[in-house]
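Novice: this one's structure only:
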C-alpha cells in the first residue's frame, strides 16, 4: 500500500547556491520526477503521465526495471507518446481504459493551487490522464515552480475536450460560465486528441472563482468528454526550482 504521508522528502543537498542556480529546469524536473518514482514499489501497477516532466518519471521507472531495483511493475499510459516511450523502455503495459485499480499514478500539471487542485491538459491528454488518475490509490504530481498559483486559471487556460461536431455549442456554453474559449489549432487545422476530439482552451479573466461549480457544470454536458479541472485528486506534489526540489502534501481538509 502506498501512503503519501510516508513518501520521501526530496531535497537537493550538497551543492552551493551558484551550482543549483546553474542547473537547467529540465534537470530539476528530472530530480523531482525521481522523487516521485521513489513511491513506486515492485509488483505495483503505475499510471504513467504525459508531458515534459512525466517523461522523466517514465524513464526512471524503465531504468530501475532494467537495473533490477524494481520488478514486476506494469504501467498504464495516458497518451500514445507515453505508451511509445514506455514500450521502448521495456515497461509492460496495461490498457488506459481498463478497470483495474492502480497503486500509484505520476503526472505533471499546468497549474497547482495551495489545496493541490490542478489544471491539466495543455498537452492534450486530459481525458486519459483523468481516467488513470481516478483509478490510482496515490496520485503524485511533478511540476516546476512556474506552475504554482494561488488561484486556478490565472496563468493557464482551462482545456475542455469536446466532440468535433459540437465545439461551437460548447463554446457558447462556456461563455455563459464566464469563460473565453478558443478552439485549439483554429478551425482550419484543429488539434485532435488521441481520442479524435477537439479541445477548447478557456481563459477566465482573473482566474476561476469557483472551480468546483465549473467542474460540475462541465461534467453535466453530454458532449464534454473531459475537462482539465483535477480537484481533490492529487496527494503529493514535487516542485522543482533553482533552489532545489520541495514537496507539498495535500491539506487534511479541502475547502
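Specialist: Cool, the structure landed. Note that the coordinates shown come from a computational prediction; the quantities given were computed from them, not determined experimentally.
Novice: C-alpha from now on. contacts and neighbour counts both.
Specialist: Will do.
Novice: for the protein, longest strand please?
Specialist: strand 136-144 (DSSP state E).
Novice: Near residue 210, how many other residues are there?
Specialist: 10 (other Cα atoms under 10 Å).
Novice: Now do it, the pLDDT please.
Specialist: Residue 210 carries a pLDDT score of 98 in this model.
Novice: what separates it from residue 92, distance-wise?
Specialist: For residue 210, the distance to residue 92 equals 40 Å [Cα to Cα, to the nearest Å].
Novice: neighbours around the closest residue to residue 92 other than its chain neighbours, how many?
Specialist: Nearest in space to residue 92, with sequence neighbours left out and distances taken as Cα to Cα, 6 or more residues apart in numbering, is residue 74 at 5.0 Å. Other residues near residue 74 number 21, with proximity taken as other Cα under 10 Å.
Novice: Okay, and residue 64 sits in which element?
Specialist: Element membership of residue 64 [criterion: DSSP states H and E] is helix 54-67.
Novice: Pull out the buried positions in that helix.
Specialist: Residues of helix 54-67 classed as buried: 54-63, 65 (neighbour count, 16 or more other Cα atoms under 10 Å).
Novice: ditto for stretch 130-147
Specialist: 130-145, 147.
Novice: from the middle of its chain, how far away would that stretch be?
Specialist: In terms of Cα atoms, centre = their mean, to the nearest Å, the centre of stretch 130-147 is set 5 Å apart from its chain centre.
Novice: One more: stretch 95-114?
Specialist: When distances are taken as Cα atoms, centre = their mean, stretch 95-114 is centred 7 Å away from the chain's centroid.
Novice: Same check on stretch 112-123?
Specialist: For stretch 112-123, the distance to the chain centre is 7 Å (Cα atoms, centre = their mean).
Novice: Stretch 56-76 now?
Specialist: 19 Å.
Novice: Contacts for it, please.
Specialist: Stretch 56-76 is contacted by residues 29-30, 33-34, 36-37, 41-49, 82, 85-86, 89-96, 106, 132 when judged by Cα atoms under 8 Å, 6 or more residues apart in numbering.
Novice: start to end distance for it?
Specialist: Per Cα to Cα, the first residue of stretch 56-76 is 15 Å away from its last.
Novice: the strands in the stretch 151-255 of the chain, which residues?
Specialist: 158-162, 180-183, 198-203, 224-227, 229-230, 236-241, 244-249 (DSSP state E, counting those that start in this stretch).
Novice: Could you say which one of the ones you listed comes nearest to residue 119?
Specialist: strand 229-230 (5.0 Å; Cα to Cα).
Novice: Run through who's touching the closest one.
Specialist: 117-120, 130, 158, 211, 215.
Novice: What's the mean pLDDT across stretch 99-114?
Specialist: Computed over stretch 99-114, the mean pLDDT rounds to 96.
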